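Trainee: Predicted model and sequence follow; I will ask about them next.
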Amino acid sequence: MTLTEFLLDRIAEDERSLPCINCRRPVEPDGPRELGEFGHVAAADPRSDFWDNVCPDPTPVPRALAECEAKRRIVEMFEDECKRRDIYNRAYDNGQLTTNQDLRSRLASNAHCRGLEEAMLALAQVYADHSDFREEWRP
Ligand SMILES: [Zn+2]
């Protein structure tokens, strides 16, 4: 499991456990479930008390939802910059970067990628007790 996969999984879990702003019940209690026809969670057993614990029209706390989105954006920026960095590094290895501008762009991309990775590692520390967390992600 990569750091990207690990973080995207944790962010998705966080999103599912956000409380509804109106009733404070979790948006999706008891972890991941199948989404029903109308985008709401479906009870595995209609006789269960599942529906007593789920909001019929959940509205997650906006700031908490925005935090999940911001974390996801950092992961996306990291992935995009890694692709750019790899292209620059491959071109460099093949002797295709000839101008100072190209060489500066390669160095900038490598540094930008490293900075985003440090941000990702800082985010990952929040989940250090998760079984999928790797020791090499510790600072
Ligand atoms: Zn609610």
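Mentor: That came through fine. Numbering: from 1, shown residues only.

Trainee: Does anything pack onto whatever helix or strand residue 118 lives in? Which helices or strands?
Mentor: Here residue 118 sits within helix 100-124, counting by DSSP states H and E. Secondary structure elements in contact with helix 100-124, counted by 3 or more Cβ pairs under 8 Å, 6 or more residues apart in numbering; DSSP states H and E, are helix 3-16, helix 62-93. To be clear about C-beta, it is placed using only N, CA and C from the backbone, and glycine gets the same treatment.

Trainee: I'd like to know which of those helices lies nearest to the ion.
Mentor: Distances from the ion to each of the helices and strands packed on helix 100-124 were compared using Cβ to the ion; the minimum, 13.4 Å, belongs to helix 62-93.

Trainee: Of the helices and strands packed on helix 100-124, which stretch is the most buried?
Mentor: The densest packing among those, expressed as mean neighbour count by mean count of other Cβ atoms under 10 Å, is seen in helix 3-16 with a mean of 17.

Trainee: Can you check what angle separates it from helix 62-93?
Mentor: Between helix 3-16 and helix 62-93, the angle comes out at 170 degrees (axes from the mean of the first three to the mean of the last three Cα atoms, to 10 degrees).

Trainee: any idea how the chain splits into domains?
Mentor: For the chain, automatic domain parsing gives the domain ranges 1-17+61-139, 19-59.

Trainee: Export those domains to TSV and append columns for distance to the ion and mean pLDDT.
Mentor: Rendered in TSV, the data for these read as follows (distance: least, Cβ to the ion, whole Å; pLDDT from 0 to 100):
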stretch	distance to the ion	mean pLDDT
domain 1-17+61-139	11	95
domain 19-59	3	61
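
Trainee: so residue 56 sits in a strand?
Mentor: No. Secondary structure assignment places residue 56 outside any strand; it is coil (DSSP: H, G, I helix; E, B strand; the rest coil).
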